[in-house]
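Engineer: what's the 3D shape of this:
(2 chains)
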Amino acid sequence: MRVRVLIRPKAGILDPQGQAVERALPALGFSGVENVHVGRLVELDVDDTAQLPSMCERLLTNPLIEDYEIVEGIASHS
Amino acid sequence: MKFGVIRFPGTCDDVDAQLAAQRVGDAELLWHRDRDLKGVDAVVVPGGFSYGDYLRAGAIARFAPVMEEVIEFAHAGGLVLGICNGFQILCEAGLLPGALLINDHLKFVFRQVNLDVVDPNTPFTRECPPTLSIPVKHTTGRYYSPTPVQVVLRYAPGNNPNGSQDDIAGVVNNAGNVFGLMPHPEHAVDLLTGSEDGLRIFESIRTAVGERVKVTL
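Structural biologist: Next up, the predicted model:
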């Protein structure tokens, strides 16, 4: 099954990448944007989705500094 | 005594670390695929970009075969020094608390910094004067820990180069035998390049090893 793992900086941890993007948007004329955060996206085909939480905890994320969300049922590229 | 300096694909400070260690003892390089620490008395995990630092800094390196040995060595009480990427790897491996995040200003920083030795009683700092001048060079050096940690080095006031929590530059584990720091003591071993304060850390390890029971796996 095609799965997408969305990885975000934990709430409360300074996210300078998000801040940089947030500051850049007004320069292009976009207004009313706040709380921008930049994370990572990992897409993978996996037979047994029950393994995913363990994969996330042990490798795909650092649980100390990142939260993750598993999105199943993604259309495959291949 | 003999230092072992780990070399991963992407490590770039291994030779400087080896040369620094050789100023106070013997030192040999240990390859990431080897499950053998070759009887060394202390391990140095040096700086660089292990396995390209893909995913997160240190995330892949912590699973290298040699790291299984390093973890066992650390749990047995062996002295382990992690510098920069080595610090990141030791955090990812769970040998040290906390994590390193991208610098608050998002830029690569490369400069000499002044450090306060806030714990002079560790095996890594006992030969250190109260302050050290050592360079930093990193993009991912902002230390963060949600729980209290044993701080060994702090950036002196006005010297925090990355937004690290409480000016933390280096920490030890609870047992006191694993030390990680972002500054590079191996780049400060000769007055020709501005400072030899980094040697004090290697000398501290030599002194400590001389007083400890040798760890054999």
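Engineer: Select the longest helix from chain B.
Structural biologist: If you go by DSSP state H, chain B has its longest helix at helix B:198-211.
Engineer: Show me which positions of that helix end up buried.
Structural biologist: For helix B:198-211, burial by neighbour count (16 or more other C-beta atoms under 10 Å in any protein chain shown) applies to B:198-206, B:208-209. Where C-beta positions appear, they are placed from N, C-alpha and C, glycine not excepted.
Engineer: Repeat that for stretch B:1-8.
Structural biologist: In stretch B:1-8, the ones that count as buried by 16+ other C-beta under 10 Å are B:1, B:3-8.
Engineer: Send me that stretch as CSV with only the CA atoms.
Structural biologist: This file holds the C-alpha atoms of stretch B:1-8, laid out as CSV (Å, rounded to 0.1, in the frame of the first residue of the first chain):
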residue,chain,number,x,y,z
MET,B,1,46.7,4.7,25.6
LYS,B,2,44.9,4.3,22.3
PHE,B,3,42.1,6.3,20.9
GLY,B,4,39.8,4.8,18.2
VAL,B,5,38.4,7.3,15.7
ILE,B,6,35.3,6.2,13.8
ARG,B,7,35.1,6.8,10.1
PHE,B,8,31.8,6.7,8.3
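Engineer: Return the list of helices and strands in contact with the longest helix of chain B.
Structural biologist: On a contact count with 3 or more C-beta pairs under 8 Å, 6 or more residues apart in numbering or on different chains; DSSP states H and E, helix B:198-211 meets helix B:14-22, strand B:79-83, strand B:131-138.
Engineer: so which of the ones you listed gets nearest A:E57?
Structural biologist: Checking those against A:E57 by C-beta to C-beta gives strand B:79-83 as the closest, at 22.2 Å.
Engineer: pLDDT on the closest one, on average?
Structural biologist: The average pLDDT within strand B:79-83 is 98.
Engineer: Isn't A:P16 up against B:H105?
Structural biologist: Yes - assessed by C-beta atoms under 8 Å, A:P16 is found in contact with B:H105 at 7.0 Å.
Engineer: Quick one: name the residues of chain A near chain B.
Structural biologist: Applying C-beta under 8 Å from any C-beta of the partner chain, we find that chain A lies next to chain B at A:13-14, A:16-17, A:20, A:59-60, A:62, A:64-65.
Engineer: Run through the residues that contact the spatially closest residue to B:A93 that is not a sequence neighbour.
Structural biologist: Sequence neighbours aside, B:R62 is the residue nearest to B:A93 in space, at 4.1 Å (criterion: C-beta to C-beta, 6 or more residues apart in numbering or on different chains). Counting by C-beta atoms under 8 Å, 6 or more residues apart in numbering or on different chains, B:R62 makes contact with B:89, B:92-93.
Engineer: same thing with B:L79?
Structural biologist: For B:L79, the contact set (C-beta under 8 Å, 6+ apart) comprises B:41-43, B:123-124, B:177-179, B:205, B:208-209, B:212.
Engineer: Can you verify A:D47 is assigned to a strand?
Structural biologist: No - using DSSP: H, G, I helix; E, B strand; the rest coil, the assignment for A:D47 is coil, not a strand.
Engineer: For the closest residue to it other than its chain neighbours, give its distance to chain B.
Structural biologist: Setting aside the residues directly before and after it, A:D47 is nearest to A:M1 in space (C-beta to C-beta, 6+ apart), at 7.6 Å. With the distance defined as C-beta to the nearest C-beta, to the nearest Å, A:M1 ends up 22 Å from chain B.
Engineer: Alright, that wraps it up for me.
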